[in-house]
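**Student:** A structural model of the following input is requested.
(chains A and B)
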Amino acid sequence: MASTEEIRSNLAEIVNEIAGIPVEDVQLEKSFTDDLDVDSLSMVEVVVAAEEKFSVKIPDDEVKNLKTVGDAVSFIERAQNG
Amino acid sequence: MSKTRVVVTGLGASTPVGGDVASTWDALLAGKSGAKLLTADWVEELPVKIAAPAAVEPTEVIERVKARRLDRNAQFAVVAAREAWADSGLADVELDKTRLGVAIATGIGGLLTTLTNYDLLQKGPRRVSPLAIPMLMPNSAAANVGLELGALAGVQTPVSACASSNEAISLAADQIRLGRADIVVAGGAEGSITALPLAAFGQMMALSKRNDDPERASRPWDVDRDGFLLGEGAGVLILESYDHAVARGAKIYAEFAGSGITADGHDIVQPDPTGSGAERAMNLALREGDLATGDIVHINAHATSTPAGDVAEAVAIRKALGSAADHAVATAPKSMIGHLLGAAGAVESIATVLALHHRVVPPTINLDKLDDGVQLDIATEPRKLGDGDIAALNNSFGFGGHNVALAFKSV
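**Tutor:** Numbering: from 1, shown residues only, chains lettered A, B, ... in the order given. Below you'll find the model as predicted:
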(Lines give C-alpha, C1' and ligand atoms only; values in the text may rest on other atoms or scores of the structure.)
Protein backbone atom coordinates (compact mmCIF):
# COMPACT_ATOMS: atom_id res chain seq x y z
CA MET A 1 0.00 0.00 0.00
CA ALA A 2 1.05 3.53 -0.71
CA SER A 3 2.16 5.52 2.32
CA THR A 4 0.45 8.75 3.35
CA GLU A 5 3.46 10.66 2.07
CA GLU A 6 3.37 8.87 -1.30
CA ILE A 7 -0.29 9.69 -1.72
CA ARG A 8 0.25 13.33 -0.73
CA SER A 9 3.17 13.61 -3.12
CA ASN A 10 1.26 12.07 -6.05
CA LEU A 11 -1.77 14.24 -5.29
CA ALA A 12 0.50 17.30 -5.18
CA GLU A 13 1.68 16.48 -8.69
CA ILE A 14 -1.92 16.27 -9.90
CA VAL A 15 -2.80 19.61 -8.29
CA ASN A 16 0.31 21.14 -9.83
CA GLU A 17 -0.55 19.82 -13.28
CA ILE A 18 -4.15 21.03 -13.15
CA ALA A 19 -4.00 24.23 -11.14
CA GLY A 20 -0.34 25.20 -11.31
CA ILE A 21 0.14 25.17 -7.52
CA PRO A 22 3.79 24.46 -6.58
CA VAL A 23 4.03 20.85 -5.33
CA GLU A 24 5.71 21.92 -2.09
CA ASP A 25 2.64 24.04 -1.21
CA VAL A 26 0.30 21.05 -1.36
CA GLN A 27 0.57 20.03 2.32
CA LEU A 28 -1.91 18.04 4.42
CA GLU A 29 -3.27 21.01 6.39
CA LYS A 30 -3.92 23.18 3.33
CA SER A 31 -7.48 23.91 2.19
CA PHE A 32 -7.99 23.39 -1.55
CA THR A 33 -10.15 26.49 -1.95
CA ASP A 34 -8.93 28.87 0.77
CA ASP A 35 -5.18 28.18 0.74
CA LEU A 36 -4.45 26.72 -2.69
CA ASP A 37 -7.02 28.66 -4.71
CA VAL A 38 -8.24 25.54 -6.52
CA ASP A 39 -11.61 26.52 -8.01
CA SER A 40 -14.61 24.20 -8.22
CA LEU A 41 -14.06 23.16 -11.84
CA SER A 42 -10.40 22.42 -11.22
CA MET A 43 -11.43 20.39 -8.15
CA VAL A 44 -13.56 18.19 -10.41
CA GLU A 45 -10.52 17.64 -12.61
CA VAL A 46 -8.35 16.85 -9.58
CA VAL A 47 -10.89 14.29 -8.34
CA VAL A 48 -11.11 12.51 -11.70
CA ALA A 49 -7.33 12.47 -12.08
CA ALA A 50 -6.96 11.13 -8.51
CA GLU A 51 -9.49 8.37 -9.14
CA GLU A 52 -7.41 7.24 -12.08
CA LYS A 53 -4.05 7.60 -10.37
CA PHE A 54 -5.03 5.80 -7.15
CA SER A 55 -7.58 3.37 -8.65
CA VAL A 56 -10.32 4.51 -6.27
CA LYS A 57 -13.86 5.87 -6.59
CA ILE A 58 -14.56 9.29 -5.12
CA PRO A 59 -18.36 9.77 -5.18
CA ASP A 60 -19.66 13.27 -6.01
CA ASP A 61 -21.31 13.43 -2.56
CA GLU A 62 -17.92 12.88 -0.96
CA VAL A 63 -16.11 15.66 -2.82
CA LYS A 64 -17.62 18.43 -0.70
CA ASN A 65 -16.12 16.79 2.40
CA LEU A 66 -12.61 16.92 0.96
CA LYS A 67 -11.81 20.41 2.20
CA THR A 68 -8.11 19.92 2.85
CA VAL A 69 -5.35 17.98 1.19
CA GLY A 70 -5.31 15.81 4.32
CA ASP A 71 -9.04 15.03 3.90
CA ALA A 72 -8.36 13.82 0.37
CA VAL A 73 -5.28 11.81 1.33
CA SER A 74 -7.21 10.10 4.20
CA PHE A 75 -10.13 9.31 1.91
CA ILE A 76 -7.83 7.78 -0.68
CA GLU A 77 -6.01 5.74 1.99
CA ARG A 78 -9.30 4.40 3.34
CA ALA A 79 -10.63 3.68 -0.15
CA GLN A 80 -7.47 1.79 -1.08
CA ASN A 81 -7.56 -0.26 2.13
CA GLY A 82 -11.30 -0.88 1.91
CA MET B 1 -24.31 64.79 -37.28
CA SER B 2 -20.57 64.59 -36.99
CA LYS B 3 -19.20 61.08 -36.88
CA THR B 4 -16.97 59.85 -34.10
CA ARG B 5 -13.65 59.07 -35.75
CA VAL B 6 -12.18 55.63 -35.04
CA VAL B 7 -8.46 54.88 -35.31
CA VAL B 8 -6.21 51.85 -34.98
CA THR B 9 -3.74 52.21 -32.12
CA GLY B 10 -2.43 48.70 -31.52
CA LEU B 11 -1.80 45.49 -33.45
CA GLY B 12 -1.22 41.88 -32.44
CA ALA B 13 -1.01 38.64 -34.39
CA SER B 14 -0.05 35.00 -34.39
CA THR B 15 0.05 33.59 -37.92
CA PRO B 16 1.48 30.76 -40.01
CA VAL B 17 4.43 33.01 -40.93
CA GLY B 18 5.14 34.70 -37.59
CA GLY B 19 4.42 34.62 -33.88
CA ASP B 20 3.83 38.37 -33.79
CA VAL B 21 3.06 41.33 -36.04
CA ALA B 22 6.66 42.30 -36.86
CA SER B 23 7.70 38.79 -37.95
CA THR B 24 4.44 38.30 -39.86
CA TRP B 25 4.84 41.60 -41.71
CA ASP B 26 8.47 40.84 -42.59
CA ALA B 27 7.47 37.41 -43.90
CA LEU B 28 4.62 38.85 -45.97
CA LEU B 29 6.92 41.42 -47.57
CA ALA B 30 9.46 38.68 -48.25
CA GLY B 31 6.82 36.51 -49.93
CA LYS B 32 7.34 33.64 -47.50
CA SER B 33 4.88 30.76 -47.43
CA GLY B 34 3.67 29.19 -44.18
CA ALA B 35 2.42 26.03 -45.89
CA LYS B 36 3.55 22.63 -44.64
CA LEU B 37 3.00 18.96 -45.32
CA LEU B 38 1.29 17.72 -42.15
CA THR B 39 2.91 14.78 -40.41
CA ALA B 40 0.39 13.80 -37.71
CA ASP B 41 -0.93 10.21 -37.72
CA TRP B 42 -4.46 11.33 -38.59
CA VAL B 43 -3.28 12.82 -41.88
CA GLU B 44 -2.58 9.48 -43.53
CA GLU B 45 -6.01 8.73 -44.96
CA LEU B 46 -6.89 12.31 -45.85
CA PRO B 47 -6.83 13.43 -49.49
CA VAL B 48 -5.58 16.86 -48.31
CA LYS B 49 -2.40 16.57 -46.24
CA ILE B 50 -1.29 20.21 -46.29
CA ALA B 51 -2.09 23.27 -44.19
CA ALA B 52 -0.49 26.41 -42.79
CA PRO B 53 0.06 25.81 -39.05
CA ALA B 54 0.99 28.67 -36.74
CA ALA B 55 4.69 29.59 -36.82
CA VAL B 56 4.85 29.70 -33.02
CA GLU B 57 2.90 27.31 -30.79
CA PRO B 58 0.71 29.40 -28.46
CA THR B 59 1.56 27.06 -25.60
CA GLU B 60 5.15 28.28 -25.84
CA VAL B 61 3.94 31.79 -25.05
CA ILE B 62 1.06 31.38 -22.58
CA GLU B 63 1.56 30.17 -19.01
CA ARG B 64 0.97 26.39 -18.82
CA VAL B 65 -2.04 26.34 -16.50
CA LYS B 66 -3.74 29.20 -18.36
CA ALA B 67 -3.11 27.47 -21.70
CA ARG B 68 -4.71 24.21 -20.61
CA ARG B 69 -7.91 26.07 -19.80
CA LEU B 70 -8.12 27.56 -23.30
CA ASP B 71 -9.08 26.01 -26.61
CA ARG B 72 -6.46 26.51 -29.29
CA ASN B 73 -8.44 29.35 -30.91
CA ALA B 74 -8.64 31.18 -27.60
CA GLN B 75 -4.91 30.63 -27.03
CA PHE B 76 -4.21 32.41 -30.31
CA ALA B 77 -6.62 35.20 -29.35
CA VAL B 78 -4.90 35.74 -26.01
CA VAL B 79 -1.45 35.83 -27.63
CA ALA B 80 -2.56 38.38 -30.23
CA ALA B 81 -4.55 40.48 -27.76
CA ARG B 82 -1.62 40.70 -25.34
CA GLU B 83 0.63 41.92 -28.13
CA ALA B 84 -1.93 44.46 -29.38
CA TRP B 85 -2.56 45.73 -25.87
CA ALA B 86 1.14 46.17 -25.17
CA ASP B 87 1.63 47.81 -28.57
CA SER B 88 -1.16 50.33 -27.88
CA GLY B 89 0.49 51.59 -24.70
CA LEU B 90 -2.88 51.29 -22.93
CA ALA B 91 -1.38 49.10 -20.21
CA ASP B 92 0.18 52.26 -18.76
CA VAL B 93 -2.96 54.38 -18.98
CA GLU B 94 -5.59 54.82 -16.26
CA LEU B 95 -8.74 53.53 -17.94
CA ASP B 96 -12.46 53.50 -17.24
CA LYS B 97 -12.97 49.80 -17.97
CA THR B 98 -16.71 50.33 -18.45
CA ARG B 99 -15.65 52.09 -21.66
CA LEU B 100 -13.47 49.18 -22.85
CA GLY B 101 -15.07 46.49 -25.05
CA VAL B 102 -14.07 43.34 -26.91
CA ALA B 103 -15.29 42.02 -30.27
CA ILE B 104 -13.39 38.87 -31.18
CA ALA B 105 -14.81 36.52 -33.75
CA THR B 106 -14.28 32.93 -34.75
CA GLY B 107 -15.57 30.85 -37.62
CA ILE B 108 -15.65 27.46 -35.95
CA GLY B 109 -14.91 28.10 -32.26
CA GLY B 110 -13.56 25.46 -29.90
CA LEU B 111 -13.59 22.55 -32.31
CA LEU B 112 -10.50 20.80 -30.94
CA THR B 113 -11.99 20.87 -27.44
CA THR B 114 -15.25 19.46 -28.77
CA LEU B 115 -13.47 16.63 -30.58
CA THR B 116 -11.14 15.81 -27.69
CA ASN B 117 -14.01 15.65 -25.23
CA TYR B 118 -16.12 13.56 -27.56
CA ASP B 119 -13.27 11.05 -27.56
CA LEU B 120 -13.12 11.19 -23.74
CA LEU B 121 -16.88 10.63 -23.56
CA GLN B 122 -16.37 7.20 -25.15
CA LYS B 123 -14.52 6.25 -21.93
CA GLY B 124 -17.46 7.46 -19.83
CA PRO B 125 -19.15 10.76 -18.94
CA ARG B 126 -16.92 11.24 -15.90
CA ARG B 127 -13.90 11.60 -18.18
CA VAL B 128 -15.32 14.68 -19.90
CA SER B 129 -13.56 17.84 -18.77
CA PRO B 130 -15.54 20.21 -16.54
CA LEU B 131 -13.86 22.94 -18.59
CA ALA B 132 -15.19 21.61 -21.91
CA ILE B 133 -18.12 24.03 -22.21
CA PRO B 134 -16.23 27.24 -21.32
CA MET B 135 -13.51 26.12 -23.73
CA LEU B 136 -15.63 25.05 -26.69
CA MET B 137 -18.19 27.87 -26.68
CA PRO B 138 -17.56 30.18 -29.64
CA ASN B 139 -17.42 33.28 -27.42
CA SER B 140 -14.63 31.75 -25.34
CA ALA B 141 -11.81 33.60 -27.09
CA ALA B 142 -13.54 36.96 -26.71
CA ALA B 143 -14.54 36.21 -23.12
CA ASN B 144 -11.03 35.21 -22.10
CA VAL B 145 -9.51 38.31 -23.67
CA GLY B 146 -12.18 40.40 -21.95
CA LEU B 147 -11.42 38.79 -18.59
CA GLU B 148 -7.70 39.28 -18.99
CA LEU B 149 -8.09 42.99 -19.81
CA GLY B 150 -11.00 43.63 -17.44
CA ALA B 151 -13.17 44.88 -20.30
CA LEU B 152 -16.64 45.82 -19.05
CA ALA B 153 -18.28 47.59 -22.01
CA GLY B 154 -19.52 44.38 -23.58
CA VAL B 155 -17.73 41.35 -25.00
CA GLN B 156 -19.06 40.17 -28.35
CA THR B 157 -18.49 37.38 -30.86
CA PRO B 158 -19.95 37.87 -34.31
CA VAL B 159 -20.02 34.72 -36.43
CA SER B 160 -20.24 34.77 -40.22
CA ALA B 161 -17.83 32.00 -41.26
CA CYS B 162 -14.83 33.51 -43.06
CA ALA B 163 -16.21 37.04 -42.85
CA SER B 164 -16.43 36.83 -39.04
CA SER B 165 -13.47 38.93 -38.01
CA ASN B 166 -14.14 41.72 -40.50
CA GLU B 167 -17.61 41.76 -38.99
CA ALA B 168 -16.03 41.98 -35.53
CA ILE B 169 -13.97 45.00 -36.58
CA SER B 170 -17.06 46.67 -38.05
CA LEU B 171 -19.00 45.93 -34.86
CA ALA B 172 -16.16 47.31 -32.74
CA ALA B 173 -16.14 50.53 -34.73
CA ASP B 174 -19.93 50.78 -34.34
CA GLN B 175 -19.61 50.48 -30.57
CA ILE B 176 -17.23 53.43 -30.56
CA ARG B 177 -19.19 55.45 -33.12
CA LEU B 178 -22.42 54.95 -31.15
CA GLY B 179 -20.71 56.21 -28.03
CA ARG B 180 -20.90 52.88 -26.20
CA ALA B 181 -17.15 52.49 -25.76
CA ASP B 182 -13.92 54.46 -26.17
CA ILE B 183 -11.78 51.43 -26.98
CA VAL B 184 -12.68 48.03 -28.42
CA VAL B 185 -10.24 45.14 -28.76
CA ALA B 186 -11.27 43.67 -32.10
CA GLY B 187 -10.28 40.71 -34.20
CA GLY B 188 -10.65 37.01 -34.73
CA ALA B 189 -9.09 33.67 -33.90
CA GLU B 190 -9.16 30.20 -35.38
CA GLY B 191 -7.44 26.97 -34.47
CA SER B 192 -9.00 24.09 -36.36
CA ILE B 193 -6.28 22.34 -38.35
CA THR B 194 -7.37 18.78 -37.69
CA ALA B 195 -8.85 15.82 -39.53
CA LEU B 196 -12.55 16.74 -39.45
CA PRO B 197 -12.35 20.20 -41.08
CA LEU B 198 -9.71 19.01 -43.56
CA ALA B 199 -11.96 16.10 -44.51
CA ALA B 200 -15.11 18.22 -44.60
CA PHE B 201 -13.67 21.14 -46.59
CA GLY B 202 -12.05 18.47 -48.77
CA GLN B 203 -15.44 16.87 -49.45
CA MET B 204 -16.64 20.28 -50.65
CA MET B 205 -13.72 20.36 -53.11
CA ALA B 206 -12.75 23.62 -51.40
CA LEU B 207 -9.14 22.72 -50.53
CA SER B 208 -6.03 22.52 -52.67
CA LYS B 209 -4.76 18.96 -53.04
CA ARG B 210 -1.26 20.00 -54.05
CA ASN B 211 0.24 17.73 -51.38
CA ASP B 212 3.52 17.35 -53.26
CA ASP B 213 4.24 21.09 -53.26
CA PRO B 214 2.60 22.78 -50.23
CA GLU B 215 4.23 26.18 -50.66
CA ARG B 216 2.78 26.43 -54.17
CA ALA B 217 -0.69 25.23 -53.17
CA SER B 218 -2.30 28.57 -52.37
CA ARG B 219 -2.23 30.52 -55.64
CA PRO B 220 -5.01 33.13 -55.77
CA TRP B 221 -5.96 34.31 -59.29
CA ASP B 222 -3.56 31.84 -60.94
CA VAL B 223 -5.04 29.63 -63.68
CA ASP B 224 -3.84 26.50 -61.87
CA ARG B 225 -5.44 27.25 -58.49
CA ASP B 226 -7.39 24.30 -57.09
CA GLY B 227 -8.68 25.43 -53.70
CA PHE B 228 -7.60 27.07 -50.47
CA LEU B 229 -4.99 26.16 -47.88
CA LEU B 230 -6.28 25.92 -44.29
CA GLY B 231 -4.44 28.25 -41.90
CA GLU B 232 -4.74 29.09 -38.19
CA GLY B 233 -3.93 31.90 -35.81
CA ALA B 234 -5.34 35.23 -34.70
CA GLY B 235 -5.26 38.92 -35.40
CA VAL B 236 -6.24 41.65 -32.95
CA LEU B 237 -6.53 45.40 -33.53
CA ILE B 238 -7.08 48.04 -30.87
CA LEU B 239 -9.79 50.36 -32.16
CA GLU B 240 -10.05 53.62 -30.28
CA SER B 241 -11.94 56.86 -30.67
CA TYR B 242 -9.74 59.46 -32.29
CA ASP B 243 -10.28 61.91 -29.43
CA HIS B 244 -9.31 59.32 -26.82
CA ALA B 245 -6.22 58.34 -28.77
CA VAL B 246 -5.09 61.92 -29.30
CA ALA B 247 -5.72 62.88 -25.67
CA ARG B 248 -3.31 60.19 -24.50
CA GLY B 249 -0.76 60.83 -27.25
CA ALA B 250 -1.22 57.40 -28.80
CA LYS B 251 0.60 56.12 -31.86
CA ILE B 252 -2.00 55.91 -34.66
CA TYR B 253 -1.47 53.39 -37.47
CA ALA B 254 -4.46 54.33 -39.60
CA GLU B 255 -8.07 55.41 -39.42
CA PHE B 256 -11.04 53.06 -39.72
CA ALA B 257 -13.07 54.81 -42.42
CA GLY B 258 -16.14 52.64 -42.91
CA SER B 259 -17.60 49.22 -43.44
CA GLY B 260 -20.06 47.61 -45.80
CA ILE B 261 -21.99 44.50 -44.78
CA THR B 262 -24.17 42.72 -47.33
CA ALA B 263 -25.56 39.28 -48.11
CA ASP B 264 -25.46 37.58 -51.49
CA GLY B 265 -28.88 35.96 -51.15
CA HIS B 266 -27.61 33.44 -53.68
CA ASP B 267 -26.31 30.15 -52.24
CA ILE B 268 -25.12 28.74 -48.93
CA VAL B 269 -21.57 28.20 -50.18
CA GLN B 270 -21.18 29.31 -53.81
CA PRO B 271 -20.36 32.98 -54.34
CA ASP B 272 -22.73 34.95 -56.54
CA PRO B 273 -20.82 34.87 -59.86
CA THR B 274 -21.98 38.40 -60.68
CA GLY B 275 -20.19 39.63 -57.54
CA SER B 276 -23.13 41.87 -56.80
CA GLY B 277 -23.16 41.38 -53.00
CA ALA B 278 -19.42 41.96 -52.75
CA GLU B 279 -19.68 45.02 -54.98
CA ARG B 280 -22.39 46.51 -52.77
CA ALA B 281 -20.27 45.82 -49.67
CA MET B 282 -17.31 47.73 -51.11
CA ASN B 283 -19.52 50.61 -52.26
CA LEU B 284 -21.13 50.86 -48.83
CA ALA B 285 -17.73 50.91 -47.13
CA LEU B 286 -16.64 53.75 -49.41
CA ARG B 287 -19.83 55.70 -48.82
CA GLU B 288 -19.65 55.27 -45.06
CA GLY B 289 -16.05 56.42 -45.13
CA ASP B 290 -16.81 59.44 -47.35
CA LEU B 291 -14.33 58.05 -49.84
CA ALA B 292 -14.35 58.25 -53.62
CA THR B 293 -13.35 55.26 -55.74
CA GLY B 294 -10.20 57.16 -56.72
CA ASP B 295 -9.08 57.35 -53.07
CA ILE B 296 -8.56 53.58 -52.97
CA VAL B 297 -4.94 52.80 -53.79
CA HIS B 298 -4.88 49.26 -52.38
CA ILE B 299 -7.19 46.27 -52.00
CA ASN B 300 -6.44 43.40 -49.68
CA ALA B 301 -8.62 40.85 -51.42
CA HIS B 302 -10.41 37.88 -49.90
CA ALA B 303 -9.00 35.79 -52.80
CA THR B 304 -8.74 32.35 -51.23
CA SER B 305 -7.43 30.47 -54.29
CA THR B 306 -10.73 28.79 -55.14
CA PRO B 307 -11.71 28.60 -58.82
CA ALA B 308 -15.08 30.39 -58.46
CA GLY B 309 -14.47 32.82 -55.61
CA ASP B 310 -11.36 34.54 -56.93
CA VAL B 311 -13.00 35.51 -60.22
CA ALA B 312 -16.29 36.60 -58.65
CA GLU B 313 -14.39 38.95 -56.33
CA ALA B 314 -12.27 40.34 -59.16
CA VAL B 315 -15.46 41.07 -61.10
CA ALA B 316 -16.95 42.73 -58.02
CA ILE B 317 -13.88 44.94 -57.49
CA ARG B 318 -14.05 46.05 -61.13
CA LYS B 319 -17.73 46.91 -60.76
CA ALA B 320 -17.26 48.72 -57.45
CA LEU B 321 -14.25 50.81 -58.42
CA GLY B 322 -14.73 51.11 -62.17
CA SER B 323 -11.69 52.51 -63.92
CA ALA B 324 -10.25 53.47 -60.51
CA ALA B 325 -9.44 49.75 -60.12
CA ASP B 326 -6.56 50.36 -62.55
CA HIS B 327 -4.81 52.39 -59.83
CA ALA B 328 -5.59 50.15 -56.84
CA VAL B 329 -2.87 47.61 -56.07
CA ALA B 330 -4.49 44.30 -55.17
CA THR B 331 -2.88 41.56 -53.13
CA ALA B 332 -3.84 38.19 -51.62
CA PRO B 333 -2.00 37.35 -48.37
CA LYS B 334 -3.70 33.93 -48.39
CA SER B 335 -1.10 32.95 -51.00
CA MET B 336 1.33 32.91 -48.03
CA ILE B 337 -0.63 32.39 -44.82
CA GLY B 338 -3.49 30.29 -46.18
CA HIS B 339 -7.07 30.86 -45.13
CA LEU B 340 -7.45 31.60 -41.42
CA LEU B 341 -11.28 31.40 -41.67
CA GLY B 342 -12.67 33.46 -38.78
CA ALA B 343 -9.28 35.08 -38.21
CA ALA B 344 -8.63 35.91 -41.87
CA GLY B 345 -10.27 39.33 -41.90
CA ALA B 346 -8.45 40.48 -38.77
CA VAL B 347 -4.99 39.32 -39.84
CA GLU B 348 -5.54 40.82 -43.29
CA SER B 349 -6.88 44.05 -41.78
CA ILE B 350 -3.57 44.27 -39.95
CA ALA B 351 -1.78 43.80 -43.27
CA THR B 352 -4.00 46.48 -44.83
CA VAL B 353 -3.36 48.93 -41.99
CA LEU B 354 0.39 48.29 -42.17
CA ALA B 355 0.35 48.72 -45.96
CA LEU B 356 -1.11 52.20 -45.45
CA HIS B 357 1.19 52.93 -42.53
CA HIS B 358 4.41 51.82 -44.26
CA ARG B 359 3.10 52.66 -47.74
CA VAL B 360 4.01 49.34 -49.22
CA VAL B 361 1.84 46.43 -50.36
CA PRO B 362 3.03 42.86 -49.71
CA PRO B 363 3.17 40.59 -52.75
CA THR B 364 0.90 37.78 -53.88
CA ILE B 365 3.01 34.67 -54.42
CA ASN B 366 2.47 31.75 -56.81
CA LEU B 367 0.78 33.90 -59.44
CA ASP B 368 2.45 32.40 -62.51
CA LYS B 369 -0.32 32.86 -65.06
CA LEU B 370 -3.21 35.20 -64.35
CA ASP B 371 -6.74 33.90 -64.88
CA ASP B 372 -8.32 35.58 -67.93
CA GLY B 373 -11.35 36.53 -65.86
CA VAL B 374 -9.27 38.73 -63.54
CA GLN B 375 -8.60 42.34 -64.47
CA LEU B 376 -6.72 43.72 -61.51
CA ASP B 377 -3.33 45.30 -60.87
CA ILE B 378 -1.85 42.60 -58.61
CA ALA B 379 1.38 43.06 -56.69
CA THR B 380 3.71 40.11 -57.29
CA GLU B 381 6.60 42.00 -55.68
CA PRO B 382 6.32 44.47 -52.76
CA ARG B 383 4.74 47.57 -54.27
CA LYS B 384 5.25 51.12 -52.94
CA LEU B 385 2.23 53.32 -52.38
CA GLY B 386 2.27 57.07 -53.06
CA ASP B 387 2.37 60.04 -50.69
CA GLY B 388 -0.59 62.05 -49.48
CA ASP B 389 -3.98 60.86 -48.25
CA ILE B 390 -4.54 57.26 -49.25
CA ALA B 391 -7.15 54.63 -48.49
CA ALA B 392 -7.52 50.88 -48.84
CA LEU B 393 -10.17 48.17 -48.74
CA ASN B 394 -10.06 44.80 -47.04
CA ASN B 395 -12.60 42.21 -48.21
CA SER B 396 -13.79 39.13 -46.36
CA PHE B 397 -16.54 36.83 -47.53
CA GLY B 398 -18.02 33.83 -45.76
CA PHE B 399 -20.06 30.71 -46.43
CA GLY B 400 -23.65 31.77 -46.03
CA GLY B 401 -23.21 34.59 -48.51
CA HIS B 402 -21.73 37.06 -46.02
CA ASN B 403 -19.75 39.97 -47.43
CA VAL B 404 -17.88 42.44 -45.24
CA ALA B 405 -15.68 45.13 -46.78
CA LEU B 406 -13.69 47.44 -44.52
CA ALA B 407 -12.17 50.76 -45.58
CA PHE B 408 -9.13 52.18 -43.83
CA LYS B 409 -7.31 55.43 -44.57
CA SER B 410 -3.99 57.03 -43.76
CA VAL B 411 -3.76 59.60 -40.98
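
**Student:** could you check the distance from the residue of chain A found nearest chain B over to residue B:5?
**Tutor:** Residue nearest to chain B within chain A (C-beta to the nearest C-beta): residue A:20, separated by 3.3 Å. C-beta here means a position set from N, CA and C on the backbone, and glycine is covered the same way. Look at residue A:20 and residue B:5: by C-beta to C-beta, to the nearest Å, they are 43 Å apart.

**Student:** tell me the contacts of residue B:308?
**Tutor:** Counting by C-beta atoms under 8 Å, 6 or more residues apart in numbering or on different chains, residue B:308 touches B:270-271, B:273.

**Student:** Please apply the same query to residue B:285.
**Tutor:** B:257-260, B:291, B:393, B:405-407.

**Student:** Helix, strand, or coil at residue B:396?
**Tutor:** With DSSP: H, G, I helix; E, B strand; the rest coil as the basis, residue B:396 sits in strand.

**Student:** okay, now it: neighbour count?
**Tutor:** 32 (other C-beta atoms under 10 Å in any protein chain shown).

**Student:** And for residue B:96?
**Tutor:** Considering only other C-beta under 10 Å, residue B:96 is surrounded by 11 other residues.

**Student:** Phi, psi for it please.
**Tutor:** With angles defined as degrees, to the nearest 10, residue B:96 sits at phi -90, psi 100.

**Student:** can you tell me how far it sits from residue B:129?
**Tutor:** In terms of C-beta to C-beta, residue B:96 sits 36 Å off from residue B:129.

**Student:** can you give me the helices in chain B?
**Tutor:** Counting by DSSP state H, chain B has these helices, from start to end: B:21-29, B:64-68, B:72-88, B:111-121, B:132-136, B:140-149, B:164-177, B:195-203, B:242-247, B:276-288, B:307-321, B:334-337, B:344-358.

**Student:** For the last one, buried residues please.
**Tutor:** In other words, helix B:344-358. Residues of helix B:344-358 classed as buried: B:344-357 (neighbour count, 16 or more other C-beta atoms under 10 Å in any protein chain shown).

**Student:** now that helix and helix B:164-177, what's the angle there?
**Tutor:** Going by axes from the mean of the first three to the mean of the last three C-alpha atoms, to 10 degrees, helix B:344-358 is angled at 60 degrees with respect to helix B:164-177.

**Student:** Tell me how far helix B:344-358 lies from the chain's centre.
**Tutor:** In terms of C-alpha atoms, centre = their mean, to the nearest Å, the centre of helix B:344-358 is found 9 Å from the chain centre.

**Student:** excluding its backbone neighbours, what's nearest the residue in the stretch 251-400 of chain B that chain A sits nearest to?
**Tutor:** Taking C-beta to the nearest C-beta, chain A has its nearest neighbour within the stretch 251-400 of chain B at residue B:342, 26.1 Å off. Closest residue to residue B:342 in three dimensions, ignoring its sequence neighbours and counting by C-beta to C-beta, 6 or more residues apart in numbering or on different chains: residue B:107, at 3.0 Å.

**Student:** Next, count neighbours for the one you found.
**Tutor:** 28.

**Student:** Surely it is in contact with residue B:398?
**Tutor:** Yes: with contacts counted by C-beta atoms under 8 Å, residue B:107 reaches residue B:398, the gap being 7.3 Å.

**Student:** which neighbours do these two share?
**Tutor:** Common contact partners of residue B:107 and residue B:398 (C-beta under 8 Å, 6+ apart): B:161-162, B:164.

**Student:** give the contact list for the nearest residue to residue B:71 once chain neighbours are set aside.
**Tutor:** Excluding the flanking residues, the one nearest residue B:71 by C-beta to C-beta, 6+ apart is residue B:110, at 3.6 Å. By C-beta under 8 Å, 6+ apart, the residues touching residue B:110 are B:71-74, B:135-138, B:140.

**Student:** can you do 6 Å?
**Tutor:** The contact partners of residue B:110, by C-beta atoms under 6 Å, 6 or more residues apart in numbering or on different chains, come to B:71, B:135-136, B:140.

**Student:** which element is the closest residue to residue A:22 other than its chain neighbours on?
**Tutor:** Excluding the flanking residues, the one nearest residue A:22 by C-beta to C-beta, 6+ apart is residue A:16, at 6.7 Å. In the assignment (DSSP states H and E), residue A:16 maps to helix A:4-19.

**Student:** Check which helices and strands the next helix or strand after that helix sits against.
**Tutor:** Going down the chain from helix A:4-19, the next helix or strand is helix A:40-54, by DSSP H and E. When contacts are defined as 3 or more C-beta pairs under 6 Å, 6 or more residues apart in numbering or on different chains; DSSP states H and E, helix A:40-54 packs onto helix A:4-19.

**Student:** One more pass at 7 Å, please.
**Tutor:** Helix A:40-54 sits against helix A:4-19, helix A:69-81, with contacts defined as 3 or more C-beta pairs under 7 Å, 6 or more residues apart in numbering or on different chains; DSSP states H and E.

**Student:** Could I get the ones you listed in JSON lines, plus columns for distance to residue B:125 and mean neighbour count?
**Tutor:** What follows is these, written out as JSON lines (distance: least, C-beta to C-beta, whole Å; neighbours: other C-beta atoms under 10 Å in any protein chain shown):
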{"stretch": "helix A:4-19", "distance to residue B:125": "19", "mean neighbour count": "18"}
{"stretch": "helix A:69-81", "distance to residue B:125": "21", "mean neighbour count": "18"}
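
**Student:** Could I get the ones you listed in a markdown table, plus columns for distance to residue B:338?
**Tutor:** Formatted as a markdown table, those follow (distance: least, C-beta to C-beta, whole Å):
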| stretch | distance to residue B:338 |
| --- | --- |
| helix A:4-19 | 34 |
| helix A:69-81 | 47 |
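
**Student:** Kindly present these as a markdown table, with separate columns for mean pLDDT.
**Tutor:** A markdown table is the format used below for the helices and strands packed on helix A:40-54 (pLDDT from 0 to 100):
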| stretch | mean pLDDT |
| --- | --- |
| helix A:4-19 | 96 |
| helix A:69-81 | 95 |
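
**Student:** Nearest to residue B:53, out of those?
**Tutor:** Nearest to residue B:53 among the helices and strands packed on helix A:40-54 is helix A:4-19; the distance by C-beta to C-beta comes to 25.6 Å.

**Student:** give me every residue that touches residue B:225.
**Tutor:** Taking C-beta atoms under 7 Å, 6 or more residues apart in numbering or on different chains, we find residue B:225 in contact with B:219, B:305, B:307, B:310.

**Student:** and if we set it to 10 Å?
**Tutor:** Contacts for residue B:225 (C-beta atoms under 10 Å, 6 or more residues apart in numbering or on different chains) come out as B:208, B:210, B:217-219, B:303-307, B:309-310, B:335, B:366-367, B:371.

**Student:** On the pLDDT front, check the residue of the stretch 251-400 of chain B closest to chain A for me.
**Tutor:** The per-residue pLDDT reported for residue B:342 equals 98.

**Student:** Name the nearest residue to the closest residue to chain A within chain B, ignoring sequence neighbours.
**Tutor:** Using C-beta to the nearest C-beta, the single residue of chain B nearest to chain A is residue B:65, 3.3 Å away. Closest residue in space to residue B:65, ignoring its immediate chain neighbours: residue A:20 at 3.3 Å, by C-beta to C-beta, 6+ apart.

**Student:** for the one you found, phi and psi?
**Tutor:** Torsion angles, degrees, to the nearest 10, at residue A:20: phi 80, psi 10.

**Student:** From what I see, it and residue A:39 are in contact.
**Tutor:** No: using C-beta atoms under 10 Å, residue A:20 is not in contact with residue A:39; the gap is 11.7 Å.
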